[in-house]
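Novice: from the sequence below, what's the structure:
(2 chains)
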Number of protein chains: 2
Amino acid sequence: MDYKTKFHELIKKQKAYIYMLQLAGWDSQTEAPRESFARRAEMVGMLSGEFFKLSIDKEYQEVVNALNDSLGELDDLTKREVKKAKKQLDKIVKIPENEFVEYQSLLQMAQQIWEDAKAKNDYPAFKDTLAEIIVYTKKFVSYYKNDDHPYNVLLDEFEEGMTMEDYDKFFDALKKDLVPFVKTVLSAKDETNYEFLDNKYDIEKQKEFCDNLIDVFHFNRDRGLMKKSVHPFTWNTSPTDVRFTTRYHEDMVFSSIYAVIHELGHATYEQQIDTMWDDTVLNGGTSMGIHESQSRFYENIIGRSLEFWEVNYPKLRSLFPEQLHDVNLNMIHKGVNKVASSLIRVEADELTYPMHIMIRYEIERMLMTGETSVDNLPEIWNQKMVEYLGIKPNNDGEGVLQDVHWSAGMIGYFPTYALGSAYSAQFYHAMKKDFDVVAAIKANDIKKINDWLKEKIHKYGSSKTPKELLLEVTGESFNPQYYIDYLKEKYSKLYL
Amino acid sequence: MDYKTKFHELIKKQKAYIYMLQLAGWDSQTEAPRESFARRAEMVGMLSGEFFKLSIDKEYQEVVNALNDSLGELDDLTKREVKKAKKQLDKIVKIPENEFVEYQSLLQMAQQIWEDAKAKNDYPAFKDTLAEIIVYTKKFVSYYKNDDHPYNVLLDEFEEGMTMEDYDKFFDALKKDLVPFVKTVLSAKDETNYEFLDNKYDIEKQKEFCDNLIDVFHFNRDRGLMKKSVHPFTWNTSPTDVRFTTRYHEDMVFSSIYAVIHELGHATYEQQIDTMWDDTVLNGGTSMGIHESQSRFYENIIGRSLEFWEVNYPKLRSLFPEQLHDVNLNMIHKGVNKVASSLIRVEADELTYPMHIMIRYEIERMLMTGETSVDNLPEIWNQKMVEYLGIKPNNDGEGVLQDVHWSAGMIGYFPTYALGSAYSAQFYHAMKKDFDVVAAIKANDIKKINDWLKEKIHKYGSSKTPKELLLEVTGESFNPQYYIDYLKEKYSKLYL
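Specialist: Numbers count the residues shown, from 1 in each chain, chains lettered A, B, ... in the order given. So this is what the prediction gives:
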């Protein structure tokens, strides 16, 4: 059997394990009973161990290395597959096993230490652990890729091809143009009565509205489903099986609605990928940033538009006639785009959200380049919050300790969140050249948008890099100006 | 490492695969989207293949055979484990692989052929396939156990220790005592107005009543859950994770209720097994028959008693005041115990149910002993229906073709259904010696019953055989008289 065939055969076997582990994860997060977790951890642990053995199996290594040594002879797609597989393999085999195990136990403890520190607003209790995580992270990177700055390696892992230089340009542009604009918006006079946002909305009726959104966005119910979980997320094993979750709170009706629309963006991406990638390593969405661009496109560009509510407000109003009695279409539109300085990233609105990410990026960058140490984070954090958003956390729990990412070793992840929104604006600009997007939303024809996204982005799975996609779809490289222009235009109309 | 430790280590690894495959099965049957099945089949197939390799792995065979060769040196529990493992192993390794594969494709086709034949009431279209299944079944048995009649081997596989002789005695007793009694009941004058059984009952309210049953029966919600599926079933991987399903039809409220109570019987058995068996092959309920005895105990002895409805009728009536306006407690009691000759086994009432099983047992027996051939089944079937139940199918779809079992190669399974009911009556007799069971039901104290079942039956998992359990719990071997007496007493009161 030739190496290429063997490669795909071994990959397929690995995929069966991944499939099962994913299924166990879905079950855990959506319905597994509370007391089942101990046994489940044992069983999942054993199967993960079997999967790990396969992923560093001698034969697999031999095949990947042999293919990687003769990349020139491979077709483009196989080349991309092999490079991706080789990258993953190096990450596993080049880190000494004992250090990897030590790091895993550090992360286990870090989780608990961070949770406690957050609950007690006690950053000093967490900082040494964070310092250790950073030391490990830098060391590990040096084992498998030492021809680039460690932070660049991490940034590339979360978003292929992105470097500090790219992100610096992006965030500099935001700082220059957006920070002053946000201040202008925040100080604008706003007499909207937002009381309806905090009314009580019956959960069964929220469910009915959210279920209807599945059809509004043309999500294929034969290839997926919506369920409840504590935190909304999208899950998939193949375009034929894409599931997502939301949660309902009686006093936060728009929180459920936008969780659904956001996840529908991720889920539609996964559903529209060609199934031809299922048996390759090029399945699934191509990157965090591109994925987030799809969810943000759905959530913000479609879901927070006036035209979307023109179509969907009658349904919402008929479900909640009392709560929305005095609320007209413009108030809804204003309400779902309400801008406010807030301390917590996950509660931030569309306009101030990138400021939260900028702070995190700048801090990660300083930590990774050694410009600062963990000792100074709370001070730097609070200072930047004042600078970009004009508010200061009362304590570190609502400040530097708010996110789980760093305690989980995820350094380099944050900037993809802002990048996704920026990508979405650039895609939007390109889409508008092809057809009247606003008219499609107004005509309740989201299918037209889906078809475009499928043809231009979705169907390729991971067979194109984010950079390739941007260039091919929009005719240019990543350009944050579209994002800035989009935000300024939208929020000027709403507020100024 | 000694053989015993190695044995348990290998078993535990197999269990991780079983766990994952079970989880995939649960997902398939309760929520997996329609179009996900092709990919899922591939992935499940690959993992099943890996599991199969483990279950015939050379090292595993060596360990099992070594332990089996020195049974005398093992403690009783390990001895039982090893014997069970050896039995399973022989079944796998002694059947030539090519024949096994041929048989699997035969079964695949048989399923479709049976479905078509049933839909068209065309028994001749199915009979050759059935004949082939019987040939394979006999041949396979001869490979791994040729010191007993093939049908005895099959009966033992579905219910350890049971033989034709045992079942003959059982069904002879039923034939002698129960067949004439059923005829008497069926011809009794009955002026009850059963219209309420066919009323429309809102499904959301049915759900509310059924959900409440979970607490009535003290099912532990932290170790399990209830969900919907097309056919009700119970699923478990460990006593810490036991799930069951029901289905709702607007015009069959009692069908949902009794599906829930029946599955709660299975589920409570699994929940109350000691977790100490999780890592052994003695986990789970000990046999089909004992399992069915628990579900039938819940369903018929508790759930169809007057006292159960004394406690639970107010709740049902408050949910359905219109539908149950003119229905008093006695009518409910009579309604849920309504006896009627019916053609379809799964719709049969408690009293006529064993007649349906008797027919199937007698036919299987004749086929396996060669007393008849597949050619004569419709005639024999219809003749026995008239003899035992006084009615005759209009066609083979509602006659000999109604059940899936034979087309799936499950020969020897049917009699465990009747056996379960008979066991339950024998357990009931023993339970009543220890405390006033009817008083406990009347006091809504099902916990008392659960505790008894746990101590006497459940906690042992499969560490005791059905025969051992019966003897230890009831002080005697299986005795069908308790079942006959129970049915006669109950239905005499209701009808005569």
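
Novice: so residue A:392 makes contact with residue A:379?
Specialist: No. Residue A:392 is not in contact with residue A:379 according to CB atoms under 8 Å; the separation is 11.0 Å. Just so you know, the C-beta spots here come from the backbone N, C-alpha and C atoms, and that holds for glycine as well.

Novice: what pLDDT is listed against the closest residue to residue A:330 other than its chain neighbours?
Specialist: Of all residues not flanking residue A:330 in the chain, residue A:306 sits nearest, at 7.8 Å (CB to CB, 6 or more residues apart in numbering or on different chains). pLDDT, residue A:306: 98.

Novice: kindly report the same for residue A:97.
Specialist: In this model, residue A:97 is scored at 89, pLDDT.

Novice: how about low-confidence regions in chain A?
Specialist: Where chain A drops to pLDDT under 70, the residues are A:1.

Novice: quick one, strands of it?
Specialist: A:224-228, A:234-238, A:241-246 (DSSP state E).

Novice: so which elements touch the longest helix along chain A?
Specialist: Counting by DSSP state H, the longest helix found in chain A is helix A:3-30. Here helix A:3-30 touches helix A:37-55, helix A:58-69, helix A:76-93, strand A:234-238, strand A:241-246, helix B:3-30, helix B:37-55, going by 3 or more CB pairs under 8 Å, 6 or more residues apart in numbering or on different chains; DSSP states H and E.

Novice: excluding chain neighbours, what is closest to residue A:486?
Specialist: Nearest residue to residue A:486, sequence neighbours excluded (CB to CB, 6+ apart): residue A:425, at 4.1 Å.

Novice: tell me how chain A divides into domains.
Specialist: Following automatic domain parsing, chain A resolves into domains at A:1-93, A:99-496.

Novice: for residue B:441, which of these is the nearest?
Specialist: With CB to CB as the measure, domain A:1-93 is the member of the domains of chain A nearest residue B:441 (27.0 Å).

Novice: coming back round to it: tell me what angle the longest helix of chain A forms with helix B:3-30.
Specialist: Between the axis of helix A:3-30 and that of helix B:3-30 there is an angle of 80 degrees, by axes from the mean of the first three to the mean of the last three CA atoms, to 10 degrees.

Novice: how about helix A:3-30: buried residues?
Specialist: A:3-4, A:6-8, A:10-11, A:13-24, A:26-28, A:30 (16 or more other CB atoms under 10 Å in any protein chain shown).

Novice: next one: stretch A:294-302
Specialist: A:294, A:295, A:296, A:297, A:298, A:299, A:300, A:301, A:302.

Novice: okay, those in a markdown table with distance to residue A:357 next?
Specialist: As requested, the buried residues of stretch A:294-302 are exported to a markdown table (distance: CB to CB, whole Å):
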| residue | distance to residue A:357 |
| --- | --- |
| A:294 | 18 |
| A:295 | 15 |
| A:296 | 12 |
| A:297 | 17 |
| A:298 | 19 |
| A:299 | 16 |
| A:300 | 15 |
| A:301 | 18 |
| A:302 | 22 |
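
Novice: which of those fall in helices?
Specialist: Per DSSP H, the buried residues of stretch A:294-302 map to helices at A:294, A:295, A:296.

Novice: and the first one, what does it touch?
Specialist: Meaning residue A:294. When the contact criterion is CB atoms under 8 Å, 6 or more residues apart in numbering or on different chains, the partners of residue A:294 are A:265, A:266, A:268, A:269, A:285, A:420, A:424, A:453, A:457, A:458.

Novice: and residue A:79, what does it touch?
Specialist: Residues in contact with residue A:79 (CB under 8 Å, 6+ apart) are residue A:71.

Novice: how far away is it from residue A:148?
Specialist: Counting by CB to CB, to the nearest Å, the gap from residue A:79 to residue A:148 is 21 Å.

Novice: repeat for residue A:271
Specialist: To residue A:148, residue A:271 is 35 Å away according to CB to CB.

Novice: okay, these two: which has more neighbours?
Specialist: Taking other CB atoms under 10 Å in any protein chain shown, residue A:271 and residue A:148 do not tie; residue A:271 has more neighbours (23 against 13).

Novice: run through the bridge partners of the residue nearest to that one when sequence neighbours are not counted.
Specialist: Once flanking residues are discounted, residue A:271 sits nearest to residue A:242: 4.8 Å by CB to CB, 6+ apart. Taking DSSP bridges as the rule, residue A:242 bridges to residue A:224, residue A:236.

Novice: count the residues that sit near residue A:242.
Specialist: By other CB under 10 Å, 26 other residues sit near residue A:242.

Novice: by proximity to chain B, which residue of the stretch 351-496 of chain A wins?
Specialist: Per CB to the nearest CB, residue A:461 is where the stretch 351-496 of chain A lies closest to chain B, at 14.3 Å.

Novice: tally of neighbours for that residue?
Specialist: 24.

Novice: how far away is it from residue A:80?
Specialist: For residue A:461, the distance to residue A:80 - CB to CB - is 11 Å.

Novice: can you pull the contacts of the residue lying closest to residue A:490 once chain neighbours are set aside?
Specialist: Among residues not flanking residue A:490 along the chain, residue A:337 sits closest, at 7.6 Å (CB to CB, 6+ apart). Residues in contact with residue A:337 (CB under 8 Å, 6+ apart) are A:304, A:349, A:350, A:490, A:491, A:494.

Novice: how deep is the closest residue to the second one other than its chain neighbours tucked in, by neighbour count?
Specialist: Okay, so that is residue A:349. Using CB to CB, 6+ apart and skipping the chain neighbours, the partner closest in space to residue A:349 is residue A:339 (5.1 Å). Applying other CB under 10 Å, we find 19 residues neighbouring residue A:339.

Novice: for residue A:339, what are its contacts?
Specialist: A:182, A:185, A:186, A:349, A:351, A:352, A:491, A:495.

Novice: can you redo those residues as TSV with neighbour count?
Specialist: Formatted as TSV, those follow (neighbours: other CB atoms under 10 Å in any protein chain shown):
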residue	neighbour count
A:182	22
A:185	20
A:186	17
A:349	16
A:351	23
A:352	20
A:491	20
A:495	19
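
Novice: which members of these are the farthest-apart pair?
Specialist: A:352 and A:495 (12.5 Å).

Novice: nearest to the spatial middle of chain A, which residue is it?
Specialist: residue A:292 (4.6 Å; CA atoms, centre = their mean).

Novice: how many residues are close by the closest residue to it other than its chain neighbours?
Specialist: In space, not counting the residues next to it along the chain, residue A:292 is nearest to residue A:420; the distance is 2.4 Å by CB to CB, 6+ apart. By other CB under 10 Å, the residues close to residue A:420 number 23.

Novice: for residue A:420, what are its contacts?
Specialist: Applying CB under 8 Å, 6+ apart, the residues contacting residue A:420 are A:288, A:289, A:290, A:291, A:292, A:293, A:294, A:295, A:296.

Novice: looking at the residues you listed, which is nearest residue B:322?
Specialist: Of all the contacts of residue A:420, residue B:322 sits closest to residue A:295, with 46.9 Å by CB to CB.

Novice: what's the closest non-adjacent residue to the closest one?
Specialist: Distances taken as CB to CB, 6+ apart put residue A:265 closest to residue A:295, at 3.5 Å, once the chain neighbours are dropped.

Novice: OK, contacts around the residue nearest to residue A:330?
Specialist: Contacts of residue A:306 by CB under 8 Å, 6+ apart are A:329, A:330, A:333.

Novice: correct me, but the last one touches residue A:309?
Specialist: Spelled out, it's residue A:333. Yes. At 5.5 Å, residue A:333 counts as touching residue A:309 under the criterion of CB under 8 Å.
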